[in-house]
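Engineer: prediction below, plus the sequence it came from.
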Amino acid sequence: NIHSYITSNKNRINDAQHEAQIYIVEHWKKYTSPLSCFILFLIGAPLGAIIRKGGLGVPVLISIIFFIIFYLLTYNGEKAAKEGQLEIPLGMIGGHAILLSIGVFFLVQAWNDNSLFDADFYISLIKKLRGKNAEETTERVISTLDDLKPEDLK
């Protein structure tokens, strides 16, 4: 009798704690929802300025990809917070913090008028990194067959 009483009280306390966690998560969700709108705006607005090629389609596609990443991060954080695997503030704000840093990075890149999604940007970045780490190699331009040497055929 005592054993069943203790077991039922233990189950009732665990259920009450679980419901309390769900309540606190929902309370946090009221504050993180407006923050989500701001963060997604902070990602989407600079994308329109950074991506110049492709018209409206490419920025929207990349924004949708970021929305999916955002949804997965916040959903998994919320689920972990409800189950008690993460602290509730960390679970609710973790995905926001990651994408806020990406949004600020995009904002700085748009402010400096950098083109992140342009192939020329990455080619120049690789050339800069190679220039710092290794000696520059000079390329010889061959305009006629007379300029061709046996070393060029190797």
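Structural biologist: Cool, the structure landed. Numbering: from 1, shown residues only.

Engineer: distance-wise, check the residue most central in space within the chain relative to K82.
Structural biologist: Residue closest to the average C-alpha location in the chain (Cα atoms, centre = their mean): L99, at 4.9 Å. Separation of L99 from K82 (Cβ to Cβ, to the nearest Å) stands at 21 Å. C-beta here means a position set from N, CA and C on the backbone, and glycine is covered the same way.

Engineer: show me how far the lengthiest helix in the chain is from its chain's centre.
Structural biologist: Counting by DSSP state H, the longest helix found in the chain is helix 2-50. Computed by Cα atoms, centre = their mean, to the nearest Å, the chain-centroid distance of helix 2-50 equals 21 Å.

Engineer: what helices or strands is it leaning on?
Structural biologist: helix 57-83, helix 88-111 (3 or more Cβ pairs under 8 Å, 6 or more residues apart in numbering; DSSP states H and E).

Engineer: contacts only, for the residue nearest to the centre of the chain.
Structural biologist: I39, L40, I43, F66, I69, F70, L73 (Cβ atoms under 8 Å, 6 or more residues apart in numbering).

Engineer: the first one touches L73, doesn't it?
Structural biologist: It refers to I39. No: using Cβ atoms under 8 Å, I39 is not in contact with L73, being 10.8 Å away.

Engineer: more neighbours: which of the two?
Structural biologist: More crowded of I39 and L73, by other Cβ atoms under 10 Å: I39, with 23 against 16.

Engineer: quick one: pLDDT of that one?
Structural biologist: What the model reports as pLDDT for I39 is 92.
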